[in-house]
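Enquirer: build me a model from this:
(chains A and B)
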Amino acid sequence: MKKLEFIYENGPHKWAMVARDPSKPDFLIDTNEYLVINGNDALLTDPGGMEIFSAVFSALSTEIDPYTIRQLFASHQDPDIISSLALWLDFNPELKCYLSRLWETFVPHFGGTADTFIPIPDEGMNISLGGLILEAIPAHYLHSSGNFHLYDRKARILFSGDVGAAMLPPDANGLFVEKFDQHITHAREFHRRWMGSNAAKLNWCERVSRLDIDMLCPQHGAIYQGEDVKRFINWFSELNVGCGIRD
Amino acid sequence: MEELDEIVEDGGEDYNEEVLDDFHDEIHVSDLHRVVRANEEIKKVIRISSGVNLVALNAMLIAKRSGERSCGFAVVSSELRVFSRNLQVAMADLGALIFGLVRDAAAIKKQQQRRGHFVAIALMGKPMSSKVVAVLACLEERIQTTEEEIGKDWLHLGIQLGRVLQLCETGRSLSRSAKIEAVYGGDMTITLKHVASRIEETVDEIFNTLKQLRIQLAE
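Expert: So this is what the prediction gives:
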């Protein structure tokens, strides 16, 4: 069963991670869901696939009242990101889902109505969570053509979707990256194949390196913190991406 | 199931969007809502029960300080710590049952969504309806099995809740005993009475929350 762990707490402002499901079938990719809480309002990033809905829902319910989740943020359109949407909406039809304007007519195939979606323009936008401002940061072509990350300036946390993802071995249970050099070997092939554009990558690295980030939180694998955030951005900027298919 | 057979037999002619809506309305959202409400009460009890352990520990320390005169109070406090541990185990079992319910409530939602899609095909009439009858029958069977599982889950939750309430009765008896024993505490009587009242309040709060939960489950 997945477990919810708080990774940042500052009064009513918190970040929690739902991760690591040892009982998950091997044929499903493991995912991290992040919950941003500000008082009685919560936003769930990349709520996950339909098959893991009950595991995510149960893990969240152990620590918070799931009725406080009023907003979903989908970094892009993949099934492991948002195919649980219909189940979330059955639980709370008032939920709003932020996602790239590119996907606002595609993702409704997973569920939802015209009122469900709040399209994010290409340049990004601010999202208010009970007065706390979260920033949808463009990350187009990393890997999806309409792709956003979510930055919390106050907590200095960047939810980075598939950027920073690592396909870790089953016995790697740590929530945080411990040995960067060892960890990054599990991220290399994923980024080479899934990230489609060197130009987009360099643009992202340049913009993100200017942000104050204590934690870079990917949707798969472990969280980069402290100096490992810079190490990752440098490593990524030098990696030749979009080439995984050539060799 | 009979209704579905009729849809197929009639080629969907007598059925309209209203029928389809009825199928969607059957979706077991209410199970998920009920389980969330129940879980909130359980979390409340878990929070309070961790307090019992601290209050009982405090009571044991005070009893030890006041010496021989409070040995009865010390025994009761020690039993309260055992009660607190047992309560935490019982609450963890309730939590596990909640996980099972969420899993089954989500499963039936998925199955019913799938059924909704195939019913829509059946509503198109022949020849389409005849192609999906086997799939619908299979889905119906699965839904029925899951419904039975959900029924069992709620039953088990009710039974476990009954056990926890019984356990709480023991806790209430202990808290009453603590109040009686406090009277023999000599110059520590006032302190012991205060601690005993705190224990009683906490156990009562747990008991009332669980009773409320039982009423909620019976609704």
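Enquirer: so the spatially most central residue of chain A: helix, strand or coil?
Expert: Per C-alpha atoms, centre = their mean, the C-alpha nearest to the average position across chain A is that of A:Gly161, at 3.7 Å. Secondary structure of A:Gly161, reduced to three states by DSSP: H, G, I helix; E, B strand; the rest coil: coil.
Enquirer: closest point of chain A to chain B, which residue?
Expert: A:Ser54 (3.9 Å; C-beta to the nearest C-beta). All C-beta atoms are positioned from the backbone trio N, CA, C, and that covers glycine.
Enquirer: could you give the number of residues near that residue?
Expert: 25 (other C-beta atoms under 10 Å in any protein chain shown).
Enquirer: tell me the residues of chain B that contact chain A?
Expert: B:27, B:29, B:32-33, B:36, B:39-40, B:43, B:95, B:98-99, B:102-103, B:105-107, B:109-110, B:113 (C-beta under 8 Å from any C-beta of the partner chain).
Enquirer: quick one on the thing from earlier: phi and psi next, for the residue nearest to the centre of chain A.
Expert: Main-chain dihedrals, A:Gly161, degrees, to the nearest 10: phi 50, psi -130.
Enquirer: thought it was touching A:Ala74?
Expert: No - taking C-beta atoms under 8 Å as the definition, A:Gly161 is not a contact partner of A:Ala74, at 9.3 Å.
Enquirer: and A:Val36, its phi and psi?
Expert: Dihedral angles (degrees, to the nearest 10) for A:Val36: phi -100, psi 120.
Enquirer: identify the bridge partners of it.
Expert: With DSSP bridges applied, A:Val36 shows beta-bridge pairing to A:Trp15, A:Leu43.
Enquirer: what's the neighbour count on it?
Expert: If we define neighbours as other C-beta under 10 Å, then A:Val36 has 27 of them.
Enquirer: also B:Asn86?
Expert: By other C-beta under 10 Å, neighbour count at B:Asn86 equals 15.
Enquirer: assumed it was part of a strand.
Expert: No - counting by three-state DSSP, B:Asn86 falls outside a strand, being helix.
Enquirer: wasn't B:Phe207 part of a helix?
Expert: Yes - remark: B:Phe207 belongs to a helix, assigned using three-state DSSP.
Enquirer: how many residues are close by it?
Expert: Neighbours around B:Phe207, by other C-beta under 10 Å: 19.
Enquirer: which helix or strand contains B:Ala134?
Expert: For B:Ala134, the host element (DSSP states H and E) is helix B:128-182.
Enquirer: for that helix, packing partners?
Expert: On a contact count with 3 or more C-beta pairs under 8 Å, 6 or more residues apart in numbering or on different chains; DSSP states H and E, helix B:128-182 meets helix B:2-9, helix B:29-65, helix B:71-122, helix B:189-218.
Enquirer: follow-up on the earlier one: mind listing what the residue nearest to the centre of chain A touches?
Expert: If you count contacts by C-beta atoms under 8 Å, 6 or more residues apart in numbering or on different chains, A:Gly161 has them with A:46, A:75-76, A:139, A:142, A:147-149, A:218-219.
Enquirer: show the buried residues in these.
Expert: A:46, A:75-76, A:139, A:142, A:147-149, A:218-219 (16 or more other C-beta atoms under 10 Å in any protein chain shown).
Enquirer: got those residues as TSV, with pLDDT and secondary structure columns?
Expert: Below are those laid out as TSV (pLDDT from 0 to 100; DSSP: H, G, I helix; E, B strand; the rest coil):
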residue	pLDDT	secondary structure
A:Asp46	98	coil
A:Ser75	98	coil
A:His76	97	coil
A:Ala139	98	coil
A:Leu142	97	coil
A:Asn147	98	coil
A:Phe148	98	strand
A:His149	98	strand
A:Pro218	98	coil
A:Gln219	97	coil
